[in-house]
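> My questions concern the predicted model and sequence given below.
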Amino acid sequence: MQPYLIAPSILSADFARLGDDVQAVLEAGADVVHFDVMDNHYVPNLTIGPMVCTALRNYGITADIDVHLMVKPVDRIIPDFAKAGASIITFHPEASEHIDRTLQLIKESGCKAGLVFNPATPLHYLDHVMDKLDVILLMSVNPGFGGQSFIPSTLDKLRQVRERIDASGYDIRLQVDGGVKVDNIAEIAAAGADMFVAGSAIFGKPDYKAVIDQMRDELAK
Ligand code: DX5
Ligand code: ZN
């Protein structure tokens with residue numbers, strides 16, 4: 001497994017020229033495109049859906065697209081995202097009526113699957129589904145907006161999940177999303193994360209490559 005993955009959140013990209021901006025961040029060294037889907041129901045914001053994912057594929061984006069669903073209900077949008085070219089689909093367990101069924105739906109549609117935990121969501125949702133997970137995403141902010149500050153208690157939660165992954169023996173990525181910056185990424189990695197979503201920290205700077213290089217330097221320390 002590639003040790004660390006950097007996944008820019010396109011929530012902070014320039015939506016008026018999205019294809020070019022996503023291409024630029026990949027050329028700057030990003031590994032995965034993080035695609036935030038918000039429905040103004042499960043979270044208080046409204047963003048992008050499967051048509052935009054299709055548009056990015058048609059534009060020529062070949063990198064993995066990591067679709068973070070902040071929607072309720074979850075299931076009926078999954079086949080649409082699979083058809084639109086999603087590589088990974090993650091969802092919040094509170095938003096699904098049947099977590100195991102939703103995970104199976106994602107897998108059957110040919111995508112990798114993951115569960116997302118809000119800062120106050122307990123980890124017991126992991127209890128009976130570790131064998132079906134490719135990714136566990138810990139939110140380090142409350143979902144809905146980019147540009148918020150990292151919630152420090154996430155570090156302890158990351159350590160707990162890292163122990164559970166290692167004890168399980170399964171090949172599961174531990175992703176963190178919210179407030180990830182150059183100056184805290186090393187500490188977050190030390191707590192066990194291996195996939196880093198960063199929106200404003202990358203798209204908020206003019207030189208994406210400089211930020212991603214700095215993040216990789218921090219991760220190499
Ligand atoms: C928040 C989203 C995040 C967000 C991260 O609900 O899931 O992906 O865009 O943005 P930053 O990195 O700016 O905190
Ligand atoms: Zn996200």
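Received, thanks. Here the structure is a predicted model, which is why all the values come from computation and not from measurement. Residues are numbered from 1 along each chain as shown. Ligands and ions are numbered 1, 2, ... in the order given.
> need the longest helix for this structure.
helix 154-168 (DSSP state H).
> Pass me the low-pLDDT residue ranges in this structure, would you?
Confidence mapping of the chain against pLDDT under 70 gives the ranges 1.
> Write out the residues of it neighbouring ligand 1.
In this structure, the chain approaches ligand 1 at residues 9, 11-12, 34, 36, 68, 141, 143-144, 146-148, 177-180, 197-201, judged by Cβ under 6 Å from any ligand atom. C-beta coordinates here come from the backbone N, C-alpha and C atoms, glycine included.
> in which helix or strand would I find the closest residue to ligand 2 within the chain?
Among all residues of the chain, His68 sits closest to ligand 2, at 3.7 Å; criterion: Cβ to the ion. Of the helices and strands defined by DSSP states H and E, His68 is found in strand 64-70.
> C-terminal to that strand, which secondary structure element comes first?
Sequence order places helix 78-83 as the next helix or strand after strand 64-70, per DSSP H and E.
> pull the CA atoms of that following helix into CSV?
These are the backbone C-alpha positions of helix 78-83, laid out as CSV (Å, rounded to 0.1, in the frame of the first residue of the first chain):
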residue,chain,number,x,y,z
ILE,A,78,-24.9,5.1,-4.9
PRO,A,79,-25.5,3.5,-8.4
ASP,A,80,-25.5,7.0,-10.0
PHE,A,81,-22.1,7.8,-8.5
ALA,A,82,-20.8,4.4,-9.5
LYS,A,83,-21.9,5.1,-13.1
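> Toward the C-terminus, what is the element adjacent to it?
Beyond helix 78-83 on the C-terminal side, the first helix or strand identified by DSSP H and E is strand 88-91.
> so what does the next helix or strand after that next one touch, helix or strand wise?
Stepping forward along the backbone from strand 88-91, the first helix or strand reached (DSSP H and E) is helix 99-108. When contacts are defined as 3 or more Cβ pairs under 8 Å, 6 or more residues apart in numbering; DSSP states H and E, helix 99-108 packs onto helix 78-83, strand 88-91, strand 112-117.
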